[in-house]
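1. predicted model and sequence below, questions to follow.
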2 protein chains.
Amino acid sequence: MATETEFVHPYIPRNLNLPDYVPVALSQSAIVSVYGIASVLVVSFMWILSGRFHKMSKVDRLLMCWWIFTGLTHIVLEGYFVFSPEFYKKKTPFYLAEVWKEYSKGDSRYAGRDSGVVAVEGITAVLEGPACLLAVYAIATKKSYRYILQVAISLGQLYGTLVYFITSILDGDNFAASDFYYYAYYVFANGWWVLIPGIIIIHCWKKICAAILLDQKKAKTG
Amino acid sequence: MATETEFVHPYIPRNLNLPDYVPVALSQSAIVSVYGIASVLVVSFMWILSGRFHKMSKVDRLLMCWWIFTGLTHIVLEGYFVFSPEFYKKKTPFYLAEVWKEYSKGDSRYAGRDSGVVAVEGITAVLEGPACLLAVYAIATKKSYRYILQVAISLGQLYGTLVYFITSILDGDNFAASDFYYYAYYVFANGWWVLIPGIIIIHCWKKICAAILLDQKKAKTG
């Protein structure tokens, strides 16, 4: 006699096998709000802190806000996913598990532990996350490697997102529970990690080229 | 009554389904020799050509040789793979199909069209390949973007190789027909695309940091 209830998961494809799945307990608005409020707090803290630095431009302060936000997202949220293959079995509501149970409605490859998704998230959480925090420090202290570091991380984010989207298309692009989740979670949420790294790459690329050009001119004249 | 012979493929896992598979026709030494000789010709051509340029350092000449070699490998070899999902069915020996029939002995995910492998190879062939040729041009004409471009491509190659190895481990690391193919094709051949991009990143990273530092000093004193 079965003493435990077997829950039916809400993910697509329907035949995705998730034994001992436990449904998400928090509401969508609660999950999104916690992430939103935590992010606003972190960004505000960084904006105020960076304002106390001597001669810090508004652009650099904005960049520091982005790097602390994306770095903590990589380390905390994505780091939890990478090292918690059984998050969908969590019985007591644990916020980080709730996030991925909810996000899997937009892309069930997270619950399904697709190797492409885990590989990209692993690189993002373990290598790029700490590198983002290093970028905050590098900008604050005007290290000479601050531009190339920002290009390196942003390219990694773009490459990861590209692999993430291409593998989905190659595997049939059928991992969202509905059009709403497809556009809200899969397209919109990830879109930021294409747009912002793209802008940062252009910004830092120009700075680097200008410095190299100056260097060349100096070598010629001097 | 079946009029055609069904061939048994040599790949691991044994249950990999490859309908209409046709065995590799060229010998391993023939396949490797053609790639080796073609590469030596391309590299020699670039070494001689770059020697005719004014004030070209030996390091830059070596870099141009690497970029033309790896760029053509990405575009021709990997480009063929990306756009030829049925290469393993080729009946008449066609060199590029033979390469991938042979390489699949080291990693059957190529014949099996694993989405992670196709995504990485797609980015490599379509974006990085042409970018490598641009790097040859950028070094030859001393463009100010030559260092950051080389870092960008090398990081892409490293990221791709990392995804390639991690997805294999996550999926059980059982795609080689024997230990020989595992080490010769999968580990040794790919190892070069970790080692050389790594060295190039360090080289260009230093150049960029030095230029930024000089730029900062000039801004302070001037």
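-> Done, it's in.
2. how would you label the residue sitting nearest the centre point of chain A: helix, strand or coil?
-> Within chain A, the residue whose C-alpha comes closest to the C-alpha centroid is A:His74; the distance, by CA atoms, centre = their mean, is 5.0 Å. In terms of secondary structure, A:His74 is helix; the call rests on DSSP: H, G, I helix; E, B strand; the rest coil.
3. now it, nearest residue through space, not along the chain?
-> Computed as CB to CB, 6 or more residues apart in numbering or on different chains, the closest residue to A:His74 that is not its neighbour in sequence is A:Gly129, at 3.4 Å. From N, CA and C alone the C-beta is placed, and that goes for glycine too.
4. quick one: that neighbour from B:Phe81, how far?
-> 32 Å (CB to CB, to the nearest Å).
5. same question for A:Ile68.
-> 41 Å.
6. with A:Tyr11 instead?
-> Plainly put, A:Tyr11 is 32 Å away from B:Phe81 if you go by CB to CB.
7. cool, A:Lys207 as well?
-> 37 Å.
8. these two: which is more packed in?
-> B:Phe81 (24 against 19; other CB atoms under 10 Å in any protein chain shown).
9. element containing the more buried one, please.
-> helix B:79-83 (DSSP states H and E).
10. what is that helix packed up against?
-> Other helices and strands packing on helix B:79-83, by 3 or more CB pairs under 8 Å, 6 or more residues apart in numbering or on different chains; DSSP states H and E, are helix B:95-103, helix B:115-123.
11. shaky segments in chain A?
-> Applying pLDDT under 70 to chain A flags the ranges A:1-4, A:222.
12. show me what from it comes close to chain B.
-> Within chain A, the positions adjacent to chain B are A:115-116, A:118-120, A:122-123, A:142, A:144-148, A:151-152, A:155-156, A:159-160, A:162-163, A:166-167, A:170-171, A:205, A:207-216, A:218 by CB under 8 Å from any CB of the partner chain.
13. how about a cut-off of 7 Å?
-> With CB under 7 Å from any CB of the partner chain as the criterion, chain A comes near chain B at residues A:115-116, A:118-120, A:122-123, A:144-145, A:147-148, A:151-152, A:155-156, A:159, A:162-163, A:166-167, A:170-171, A:205, A:208-209, A:211-215.
14. report the buried members of the residues you listed.
-> In these, burial by neighbour count holds for A:115-116, A:118-120, A:122-123, A:144-145, A:147-148, A:151-152, A:155-156, A:159, A:162-163, A:166-167, A:170-171, A:205, A:208-209, A:211-212, A:214-215, counting by 16 or more other CB atoms under 10 Å in any protein chain shown.
15. could you pick out which of those are located in helices?
-> Judged by DSSP state H, these include A:115-116, A:118-120, A:122-123, A:147-148, A:151-152, A:155-156, A:159, A:162-163, A:166-167, A:170, A:205, A:208-209, A:211-212, A:214-215 as members of helices.
16. residues in contact with stretch A:80-90: which ones?
-> A:18, A:20-22, A:96-97, A:100-101, A:110-111, A:113, A:118, A:121-122, A:125 (CB atoms under 7 Å, 6 or more residues apart in numbering or on different chains).
17. give me the buried subset of those.
-> By neighbour count, with 16+ other CB under 10 Å, the contacts of stretch A:80-90 hold A:18, A:21-22, A:96-97, A:100-101, A:110-111, A:118, A:121-122, A:125 as buried.
18. buried residues in stretch A:50-63?
-> Along stretch A:50-63, these residues count as buried under the neighbour rule (16+ other CB under 10 Å): A:50, A:56, A:60-61, A:63.
19. gap between the two ends of it?
-> With CA to CA, to the nearest Å applied, stretch A:50-63 spans 10 Å between its terminal residues.
20. off-centre distance for the helix holding B:Phe81?
-> 12 Å (CA atoms, centre = their mean, to the nearest Å).
21. CA atoms only for it, dumped as PDB, please.
-> What follows is helix B:79-83 as a C-alpha-only set of coordinates in PDB (Å, rounded to 0.1, in the frame of the first residue of the first chain):
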ATOM      1  CA  GLY B  79      31.800  23.700 -41.100                       C
ATOM      2  CA  TYR B  80      31.200  20.600 -43.200                       C
ATOM      3  CA  PHE B  81      30.200  18.600 -40.000                       C
ATOM      4  CA  VAL B  82      27.800  21.300 -38.900                       C
ATOM      5  CA  PHE B  83      25.900  21.300 -42.200                       C
END
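22. how about residues contacting stretch A:180-194?
-> Applying CB under 7 Å, 6+ apart, the external contacts of stretch A:180-194 come out as A:103, A:105-107, A:157-158, A:161, A:164, A:176.
23. pull up the distance across that stretch, start to finish.
-> Using CA to CA, first and last residues of stretch A:180-194 are 20 Å apart.
24. now it: how far from the chain's centre is it?
-> Its chain's average C-alpha position is 11 Å from that of stretch A:180-194, according to CA atoms, centre = their mean.
25. buried set for it?
-> Buried residues in stretch A:180-194, defined by neighbour count with 16+ other CB under 10 Å: A:181-182, A:184-186, A:190, A:193.
26. before we move on, what about stretch A:90-103?
-> For stretch A:90-103, the neighbour count (16+ other CB under 10 Å) marks A:90, A:96-103 as buried.
27. out of those, what pair is the most spread apart?
-> A:Lys90 and A:Tyr103 (14.0 Å; CB to CB).
28. residue contacts, A:Leu72?
-> A:Leu72 is in contact with A:Val42, counting by CB under 7 Å, 6+ apart.
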